[in-house]
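1. Need coordinates for the following:
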Amino acid sequence: MVRDVGFGPVELVGVLVGTCLAAGLAFLRGYHAVSLMCSCLVAALCASAMATPRVGVSVWNDDMPVRIQGTVTDVVRSTPRGRTYIVEGHTDGRDLPCSMQRVVCSERDTSDEVCAGEERIVVGRMRLPTTPVFPDEADERAIAHNWNVSMVVRVSASYRINDAPIWSRLRQQIHRSIADLVATSLPPNVAGVVLALVVGNRSGISAERWSRYQRTGTAHMFSVSGSHVGLIFILVTLLLSRWRGTGMVVVTSMLIISYVMVTGAESPAIRAACMGIAVIVARRCEWDLDGINVLCGSVLLLAIADPWGVDAASTVLSVSAVLGMLVLVPIWTSRVHQIIGPTTGVRHSLLQAVAVSVAASTAIVLPSLLFFKSVSVCSVLANIVAVPLLSLVFVLAPVFFVCSSLGVGAPIAWTMTKLVQTADVFLVNVDAIERIVQRPDLVGVTAALSILVWWWPTVARMHVGAVVRFVLPCIMIALLPLMPSSDRSRMWLYEGIHGTALGVTSPTITRMYVIGAGTWPIDHRVVRWARSRTERVVVVGHGRWGTRMAAWIQHDVVGSNHVDSSRASFR
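-> Predicted coordinates:
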């Protein structure tokens, strides 16, 4: 199921042409499953371009009273200040006919605990995900697309009508026990990382820290996927090294399935579990498997089991990374061997680690540009250093849980803390480089140069040529911040409930003109955006409400670059 991803006519034609070429190339190379999937994607894109929205914006207005009765599919975040969860069920509103919707609910009352799988009645006010109005504002439509939801509800009251299944309550209890244990034994910043690594619960990671993981390309470690399944397989193999045969296959498969269910059975985890179990069974039965066909089969099963999540950003990035590793790792490794010769021991292991990181980073460039409009330059380096450290934390986690129950978990906790802190220090420095070289207007150039860094040296025939080909794109990336930036201004218009804000934003200054009459309350959305600006902001108010808004913005941002509205002008 492919829904609106915001393609314009030119971008849609480009994606269609590229997908058709991929389908033809896969068919010629004998990858018939890939060719079939690409053909289905072309048909889905054509159908999506011609389809009309299920619920149009003109059908109802924002802030519409609604009543939802359905099942809680996921608890996104739960804190003492509030909680956010997703409900899929029948939605009935004042101007909206009763229909099946998937909505994200935001609620301040936390007295009644919410568990995935339970049925609830939710009463509140609904609105559509907003499009970016201010420059650099988050796109709620993209966030809603990642969660596979249609609308946003501010909950005024909710009632549980049926309890969650026993396995959902057991899973929640396991999560709570793990969270309590790591919170009492580890520092808060380390406890959030460990909880995200073990069960995929990212509520303990701050927004700034999560952005750092995303910018450096290491956020995949906190989404249960192939790396977690692979580590589980390695642990079971080491523990049961003397136990071969069908019993080991059954035990390993049951452990993988149990872990995926405990962590919430997200789409990347289901895909990884299907592939991992298929590989284990094939090795036991001595079957020859094609990795690409196994990947396509797991995606097909995922689409059947969870059609809502098959086009989510996490699933697309996970599948793209695995496809890149299956196709590109042998090519990159063979070409490097032609330059440096055969490798063994530690040198071979390091080469394989670099090959996997290069292949995955290359394969997710296009999805990252489409979903996030950004790409990581140092992702290969970050994954080579940080991922082994975080993987070691994941391996030590079961040992820590067992030792903590016996009262001797302090040494393991100290080791895990040092590993997480070392990874954080390294990623802070890598993120500083990312912030320097990243230019929003040159993100495509940055992506192309980052690919050249790792692939251009493979066409050299000697060591000297490979080093020169590696250094040249690195120098070009380092020179990107020195290139003149576009000084074009951007005009924006925000139409609130009580007034209007007009602005012109350039890299050095933002000029705002706020218009509104009456004694309406302050629009804190405008205030929050003005507070987040790094350039100088000049604000002018017109009318009673507009003048009050301008004065509030000036008062709210004391000691910043903002100037007094009485001295502002639009010249």
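2. Just give me the residue right at the centre of this structure.
-> When C-alpha atoms, centre = their mean is applied to the chain, the residue found nearest the centroid is Ser314 (5.6 Å).
3. what packs against the helix or strand hosting that residue?
-> In this assignment (DSSP states H and E), Ser314 forms part of helix 313-340. With contacts defined as 3 or more C-beta pairs under 8 Å, 6 or more residues apart in numbering; DSSP states H and E, helix 313-340 has these neighbours: helix 140-147, helix 267-285, helix 291-305, helix 345-363, helix 365-372, helix 463-479. Just so you know, the C-beta spots here come from the backbone N, C-alpha and C atoms, and that holds for glycine as well.
4. Can you list the buried residues in the helix or strand just after the first one?
-> Meaning helix 140-147. The helix or strand immediately downstream of helix 140-147 is strand 151-162, counting by DSSP H and E. Neighbour-count burial for strand 151-162 flags 151-153, 155, 158 (criterion: 16 or more other C-beta atoms under 10 Å).
5. ok so Val76 is a strand residue?
-> Yes - checked against DSSP: H, G, I helix; E, B strand; the rest coil, Val76 lies within a strand.
6. Next, please give the residue ranges for the strands of the protein.
-> Using DSSP state E, the strands found in the chain span residues 64-79, 82-93, 99-107, 119-127, 151-162, 490-495, 500-505, 509-515, 536-542.
7. Run the chain-centre distance for the first one.
-> So the one you mean is strand 64-79. Computed by C-alpha atoms, centre = their mean, to the nearest Å, the separation of strand 64-79 from the middle of its chain amounts to 21 Å.
8. got the angle between that strand and strand 82-93?
-> 160 degrees (axes from the mean of the first three to the mean of the last three C-alpha atoms, to 10 degrees).
9. What is strand 64-79 packed up against?
-> strand 82-93, strand 99-107, strand 119-127, strand 151-162.
10. So which of those strands is nearest Pro398?
-> strand 82-93 (28.9 Å; C-beta to C-beta).
11. what does the closest one rub up against?
-> Contacts with strand 82-93, where a contact means C-beta atoms under 8 Å, 6 or more residues apart in numbering, come from 60, 64-78, 98-110, 114, 116, 119-120, 122, 126, 147, 149, 151, 153, 308.
12. Partner strands of it and their direction?
-> Neighbouring strands of strand 82-93 in its sheet, by DSSP bridges, are strand 64-79 (antiparallel), strand 99-107 (antiparallel).
13. Point out the one among the ones you listed that comes closest to Leu302.
-> So among the strands paired with strand 82-93, strand 64-79 is nearest, using C-beta to C-beta, at 15.6 Å.
14. before we move on, back to that, mind putting the strands paired with strand 82-93 into CSV with distance to Ala355 and mean pLDDT?
-> Formatted as CSV, those follow (distance: least, C-beta to C-beta, whole Å; pLDDT from 0 to 100):
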stretch, distance to Ala355, mean pLDDT
strand 64-79, 35, 80
strand 99-107, 39, 81
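15. Where does pLDDT dip in the stretch 401-550 of the chain?
-> 485-488 (pLDDT under 70).
16. Tabulate the strands of the chain (CSV), appending distance to Lys418.
-> What follows is these, written out as CSV (distance: least, C-beta to C-beta, whole Å):
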stretch, distance to Lys418
strand 64-79, 28
strand 82-93, 33
strand 99-107, 37
strand 119-127, 43
strand 151-162, 41
strand 490-495, 46
strand 500-505, 44
strand 509-515, 44
strand 536-542, 43
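17. Figure out which of those strands is closest to Ser253.
-> Among those, strand 64-79 comes nearest to Ser253, with 25.2 Å by C-beta to C-beta.
18. For that closest one, output the C-alpha coordinates as PDB.
-> Taking Å, rounded to 0.1, in the frame of the first residue of the first chain, the C-alpha atoms of strand 64-79 are listed here in PDB:
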ATOM      1  CA  MET A  64     -13.700  19.100  15.400                       C
ATOM      2  CA  PRO A  65     -15.300  17.100  18.300                       C
ATOM      3  CA  VAL A  66     -14.900  13.300  17.600                       C
ATOM      4  CA  ARG A  67     -15.500  10.000  19.200                       C
ATOM      5  CA  ILE A  68     -13.300   7.000  18.500                       C
ATOM      6  CA  GLN A  69     -13.800   3.400  19.500                       C
ATOM      7  CA  GLY A  70     -11.000   1.000  18.600                       C
ATOM      8  CA  THR A  71      -7.900  -0.800  19.600                       C
ATOM      9  CA  VAL A  72      -4.700   0.700  20.900                       C
ATOM     10  CA  THR A  73      -2.000  -0.500  18.400                       C
ATOM     11  CA  ASP A  74       1.000   1.100  20.000                       C
ATOM     12  CA  VAL A  75       2.000   3.300  22.900                       C
ATOM     13  CA  VAL A  76       4.400   5.800  21.500                       C
ATOM     14  CA  ARG A  77       5.400   7.600  24.700                       C
ATOM     15  CA  SER A  78       4.200   7.500  28.300                       C
ATOM     16  CA  THR A  79       5.600  10.000  30.900                       C
END
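19. and it with strand 151-162, angle?
-> 80 degrees.
20. tell me which residues in strand 64-79 are buried?
-> 64, 66, 68-70, 72-75, 78.
21. number of nearby residues for Ser368?
-> 23 (other C-beta atoms under 10 Å).
22. er, Leu238 actually
-> 9.
23. For Gly124, see how far away it is.
-> 51 Å (C-beta to C-beta, to the nearest Å).
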